[in-house]
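Colleague: Okay, here's the prediction I keep looking at, along with the sequence it came from:
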Amino acid sequence: MPAEENITRIQVNDKELILIGTAHVSKQSAEQVKQVIEDERPDSVCVELDEQRYKSIKEGDQWKNTDIFQVIKDRKATLLLMNLAISSFQRRMAKQFGIKPGQEMIQGIESADELGAELVLADRNIQITFSRIWSNIGFVGKMKLMTSIVYSIFSNESISEEELEKMKSQDMLNGMLQEMTEHFPTLKKPLIDERDQYLAQKIKDAPGDKVVAVLGAAHVPGITKQIHEDHDLNELRKRKPKSKWPKVIAWAIPLMIISIIAYTFIANPEAGAQQSLSWVLWNGTFSAIGTAAALAHPLAILTAFIAAPITSLNPLVAAGWIAGFVQAYFRRPNVSDFENLSEDVTSVKGFWNNKVTRILLVVVLANVGSSLGTFIGGADVIRLFFENL
């Protein structure tokens, strides 16, 4: 029998559940998963994956089929960039230890296949989790989260494998979760608590009398608490309804700016022209600066400058999308860019050099610049309005 370290055994009615708490980039974790499944010979093996991430593992060359124009069109550039940034630290650690990220999940899939056990994809869809996180954390939380993600790209932090193994101890883990709760109090619920409930129910519903579950160690304490409760999976899959206020504000600000400039033009054409120029320069300049920071093609930078003052008055279009299309047209990624994507996201240089991530950066940074320009330009329009009353 394997060592019981990082293994939690739970009896639910007549079913034996064996939870393996793993570190996602640990050789020992992958080896332990193989040994436990071989020794226990379970009826089912649950892995902490959803359908999307399972396909990503099974279809290693899926990036080759990505249509970057479709990504921009579907407004998924920011989501994809966040996903890549979040995975960059894990990939760096995996590279440090010479293994693939999620090797223990791959091992769980392979061992289940070899044994003929039922494979259960036990995690919630990653896009639903992202959606519930984003709708839960408010503006300040969004800024903190984005800052942490950016830091993860620039960080060169490395740890020893001994420290990595210590991460799997529940005492240390509870401390980490406590720290996360303090910094992001609303982040823990959709990212950890809800997924604990979802995973617990899927593990409990897995077919057979003996089930092995391969999980990130962070989820084991929560699943142990939630496994004896019943959870509504359909409720946990729901995307929270979007508030109407962001849309109202998104339309109210442009209408207010247009109304102020129009009124000023009627009352004082010279002041109205000054307002218009201020709006164009602030919006266009900041969006162009953001695009240039992504090392974009000169025409993409020019496009951002021209588009931002117009798109800022139309919530249905964004300067970054247009600049991103131009960048993709003139710097279209080739097969090697997609093949090297997983490797390139492990460094800052790779993020900026890879044509795929550079397009994503163009979209995001052009939009950030345009948003900043909208606030500053809008404030200047209002200032000129009151000065010329």
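Modeller: Structure received.

Colleague: ok, now which ones touch residue 364?
Modeller: Residues in contact with residue 364, defined by Cβ atoms under 8 Å, 6 or more residues apart in numbering, are 77, 78, 81, 294, 320. C-beta coordinates here come from the backbone N, C-alpha and C atoms, glycine included.

Colleague: need the contact list for the first one.
Modeller: If you count contacts by Cβ under 8 Å, 6+ apart, residue 77 has them with 71, 320, 321, 324, 359, 360, 363, 364.

Colleague: Next, the residue nearest to it when sequence neighbours are not counted: phi, psi?
Modeller: Nearest-residue entry for residue 77: residue 363, 4.0 Å, with adjacent residues in sequence omitted and distances by Cβ to Cβ, 6 or more residues apart in numbering. The phi/psi pair for residue 363 (degrees, to the nearest 10) reads phi -60, psi -50.

Colleague: Quick check, pLDDT for residue 363.
Modeller: With respect to pLDDT, residue 363 scores 93.

Colleague: how many other residues sit next to it?
Modeller: Using other Cβ atoms under 10 Å, residue 363 is surrounded by 33 other residues.

Colleague: try residue 33
Modeller: 26.

Colleague: Contact partners for it?
Modeller: 20, 22, 104, 107, 108, 111, 214.

Colleague: Wait, the fifth one touches residue 45, no?
Modeller: Right, residue 108. Yes: the criterion here is Cβ atoms under 8 Å, and residue 108 meets it with residue 45 at 5.5 Å.

Colleague: got any residues that touch both of these two?
Modeller: In contact with both residue 108 and residue 45: 37, 212, 214, using Cβ under 8 Å, 6+ apart.

Colleague: Could you identify the helix or strand that succeeds the helix or strand containing the first one?
Modeller: Assigned by DSSP states H and E, residue 37 belongs to helix 27-40. Under the assignment DSSP H and E, the closest C-terminal helix or strand after helix 27-40 is strand 44-47.

Colleague: chain center to the helix or strand following that next one: distance?
Modeller: Next in sequence after strand 44-47, counting helices and strands by DSSP H and E, comes helix 51-58. Here the centre of helix 51-58 is set off from its chain's centre by 16 Å, with Cα atoms, centre = their mean, to the nearest Å.

Colleague: And residue 108, how close does it get to residue 115?
Modeller: 11 Å (Cβ to Cβ, to the nearest Å).

Colleague: okay, and the common contacts of the two?
Modeller: Common neighbours of residue 108 and residue 115 (Cβ under 8 Å, 6+ apart) are 37, 45.

Colleague: between these two, which one's more packed in?
Modeller: Between residue 108 and residue 115, residue 108 has the larger neighbour count (other Cβ under 10 Å), namely 29 against 16.

Colleague: so who does that one touch?
Modeller: 33, 37, 45, 47, 212, 214.

Colleague: In space, what's closest to it - neighbours in sequence excluded?
Modeller: Residue 108 sits nearest to residue 214 (Cβ to Cβ, 6+ apart), 4.0 Å away.

Colleague: Assumed that neighbour was part of a strand.
Modeller: Yes: membership of residue 214 in a strand is supported by DSSP: H, G, I helix; E, B strand; the rest coil.

Colleague: And for it, the neighbour number?
Modeller: Residues lying near residue 214 (other Cβ under 10 Å) number 30.

Colleague: next one: residue 206
Modeller: Using other Cβ under 10 Å: residue 206 sits among 23 other residues.

Colleague: Then residue 55?
Modeller: Neighbour tally, residue 55, other Cβ under 10 Å: 12.

Colleague: now it: how far from residue 240?
Modeller: 25 Å.

Colleague: Mind putting the contacts of residue 77 into JSON lines with secondary structure?
Modeller: Putting those into JSON lines (three-state DSSP) gives the following:
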{"residue": "71", "secondary structure": "helix"}
{"residue": "320", "secondary structure": "helix"}
{"residue": "321", "secondary structure": "helix"}
{"residue": "324", "secondary structure": "helix"}
{"residue": "359", "secondary structure": "helix"}
{"residue": "360", "secondary structure": "helix"}
{"residue": "363", "secondary structure": "helix"}
{"residue": "364", "secondary structure": "helix"}
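
Colleague: Kindly reformat those residues as a markdown table containing distance to residue 286.
Modeller: Below are the contacts of residue 77 laid out as a markdown table (distance: Cβ to Cβ, whole Å):
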| residue | distance to residue 286 |
| --- | --- |
| 71 | 24 |
| 320 | 12 |
| 321 | 16 |
| 324 | 17 |
| 359 | 20 |
| 360 | 19 |
| 363 | 15 |
| 364 | 14 |
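
Colleague: From these, which shows the smallest pLDDT?
Modeller: When the contacts of residue 77 are compared by pLDDT, residue 71 scores lowest at 81.

Colleague: is it true that it touches residue 80?
Modeller: Yes: if you go by Cβ under 8 Å, residue 71 and residue 80 touch, sitting 6.0 Å apart.

Colleague: Contact partners for the closest residue in space to residue 242 that isn't next to it in sequence?
Modeller: Spatial nearest neighbour of residue 242, chain neighbours left out: residue 135 (7.0 Å); criterion: Cβ to Cβ, 6+ apart. By Cβ under 8 Å, 6+ apart, the contact set of residue 135 is 239, 240, 242.
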